[in-house]
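[1] Using only what follows, build the 3D model:
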Amino acid sequence: ANVLLVGGGQVATRKARLLIKAGARLTVVAPQIGADLQQLLDSSGGSWQRDSYSESAIADAVLVVAATPLRSVNEQVYQDATARRLPVNVVDSPDLCTFIFPAIVERGPLTVAISSGGNSPVLVRLLRRRIEAMVPAAYGRLARFAGRLRDAVKEAIPAETARRLFWEGSVEGTVGELVLAGREEQAETLLRTQLQDTGNLYRGEVYLLGAGPGDPDLMTFKAQRLLQSADVVLYDRLVAPEIVDMARRDAERIYVGKARSDHAVPQHEINQLLVMLARQGKRVVRLKGGDPFIFGRGGEEIDLLAENGIPFQVIPGITAASAAACY
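    Below you'll find the predicted structure:
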């Protein structure tokens with residue numbers, strides 16, 4: 001793709017590296033450019049027009065980036081690009097951008113992009129550093145491994161939910177650890193062995209999960225992890241909306257109101273619903289404000305689950321009884 005870069009200083013050089021790495025065929029327009037930028041152009045087949053910017057420069061471009069210290073030039077680039085309906089980015093000027101460059105963390109085919117919408121580049125760089133420290137370089141190997149065996153798993157496990165559960169168990173379990181350790185042949189042998197017995201994937205489970213006093217930061221790590229793995233989430237008005245939103249986007253959300261003004265679902269129906277959904281092979285989260293057993297009715301729910309042989313876990317939360325006093 002033909003990309004126009006207006007400017008030849010250090011900022012332009014940083015953008016040039018990103019663009020060239022993404023496969024851009026770069027044209028730089030500037031009266032002067034630095035030696036590093038010249039080297040990038042020479043090695044990538046790009047070109048330099050030794051001139052000040054004019055509208056004719058964008059004739060063949062499909063994307064435009066302006067990185068000059070002159071606001072008047074940047075504004076002109078923005079106006080010319082938007083008049084031609086070309087995506088344009090003016091460095092450090094969010095009001096003159098139709099797209100934003102995110103910060104990138106790359107691990108082979110695995111890519112994480114972070115953006116603040118142009119509001120705080122410093123915060124974005126901070127988050128990138130933290131994510132880079134959290135995500136080992138070997139995750140790229142794990143992504144390639146999963147991609148290579150994707151068709152085999154899909155053929156063995158046609159059902160989408162069961163297939164997702166299989167991949168979650170593989171990536172987070174022994175198979176994933178073997179790949180991260182560089183023992184891919186052994187990991188593949190184990191994975192293919194597991195594919196021969198997938199019956200347990202259809203076994204549902206219920207998590208009685210304490211959402212705490214309403215602040216997502218006060219939830220336990222385990223509560224957050226299980227909430228994000230759920231297929232179905234049952235919640236009521238005592239649970240903060242931002243906590244419900246932490247569930248996967250494709251997870252089913254079932255509201256079981258608990259206030260007098262609500263059309264509340266009777267407790268015995270909620271209990272039966274938990275059993276029914278688990279029998280369908282789903283991971284079911286019953287979200288409760290505070291703690292499931294303090295001011296809650298978790299005992300009634302686990303009694304019926306136990307009677308029906310449904311696996312369940314109880315994840316405690318901070319009860320409002322202590323949270324209110326702390327606040």
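[2] Can you pull the poorly scored residue ranges out of the stretch 101-250 of the chain?
    Across the stretch 101-250 of the chain, the ranges flagged by pLDDT under 70 are 199-202.
[3] V91 and I100, how far apart?
    As defined by C-beta to C-beta, to the nearest Å, V91 lies at a distance of 11 Å from I100. Every C-beta, even on glycine, is put in place using the N, C-alpha and C of the backbone.
[4] more neighbours, those two?
    For the pair V91 and I100, the greater number of neighbours falls to V91 (20 against 15), based on other C-beta atoms under 10 Å.
[5] Correct me if wrong: that one contacts V11.
    Yes. In this structure, V91 is within contact of V11 by C-beta atoms under 8 Å, at 5.4 Å.
[6] and V275, how many neighbours?
    Around V275 there are 19 other residues, counting by other C-beta under 10 Å.
[7] Find the nearest non-adjacent residue to it, please.
    N308 (5.1 Å; C-beta to C-beta, 6 or more residues apart in numbering).
[8] E205 too?
    Nearest to E205 is P311, by C-beta to C-beta, 6+ apart, at 4.6 Å.
[9] Now for V91 and V11: what residues contact both?
    Residues touching both V91 and V11 by C-beta atoms under 8 Å, 6 or more residues apart in numbering: A67.
[10] Any idea how far the helix or strand where L40 lies is from the middle of the chain?
    L40 is part of helix 35-44 when elements are defined by DSSP states H and E. Here helix 35-44 is found 34 Å from its chain centre; the criterion is C-alpha atoms, centre = their mean, to the nearest Å.
[11] What helices and strands are in contact with that helix?
    In terms of contacts (3 or more C-beta pairs under 8 Å, 6 or more residues apart in numbering; DSSP states H and E), helix 35-44 is packed against helix 10-21, strand 25-30, strand 47-50.
[12] any idea which of these is most buried?
    strand 25-30 (a mean of 21; mean count of other C-beta atoms under 10 Å).
[13] Give me the sheet partners of it and which way each runs.
    strand 2-6 (parallel), strand 47-50 (parallel) (DSSP bridges).
[14] And the contacts of that strand?
    With contacts defined as C-beta under 8 Å, 6+ apart, strand 25-30 is touched by 1-8, 12, 16, 19-20, 37, 40-41, 44-53, 57, 60-61, 68.
[15] do the same with stretch 169-189
    With contacts defined as C-beta under 8 Å, 6+ apart, stretch 169-189 is touched by P136, A138, Y139, R141, L142, F145, A146, L149, L190, L191, Q194.
[16] Apply 6 Å and report the result again.
    Applying C-beta atoms under 6 Å, 6 or more residues apart in numbering, the external contacts of stretch 169-189 come out as A138, R141, L142, F145, L190, L191.
[17] State the next helix or strand along the chain beyond the helix or strand the third one falls within.
    Here L142, judged by DSSP H and E, is contained in helix 139-148. Going down the chain from helix 139-148, the next helix or strand is helix 150-156, by DSSP H and E.
[18] Could I get the buried residue list for that next one?
    Counting neighbours by 16 or more other C-beta atoms under 10 Å, one finds that the buried residues in helix 150-156 are V153, A156.
[19] gap between the helix or strand L165 falls within and the chain center?
    Using DSSP H and E, L165 sits within helix 160-172. Remark: helix 160-172 is offset 17 Å from the chain centroid, using C-alpha atoms, centre = their mean.
[20] buried set for the very next helix or strand once past that helix?
    Using DSSP H and E, the helix or strand that follows helix 160-172 in sequence is helix 174-180. Residues of helix 174-180 classed as buried: V175, G176, L178, V179, L180 (neighbour count, 16+ other C-beta under 10 Å).
[21] again, but for stretch 216-231
    By 16+ other C-beta under 10 Å, the buried positions in stretch 216-231 come out as M219, A223, Q224, L226, L227, S229, A230, D231.
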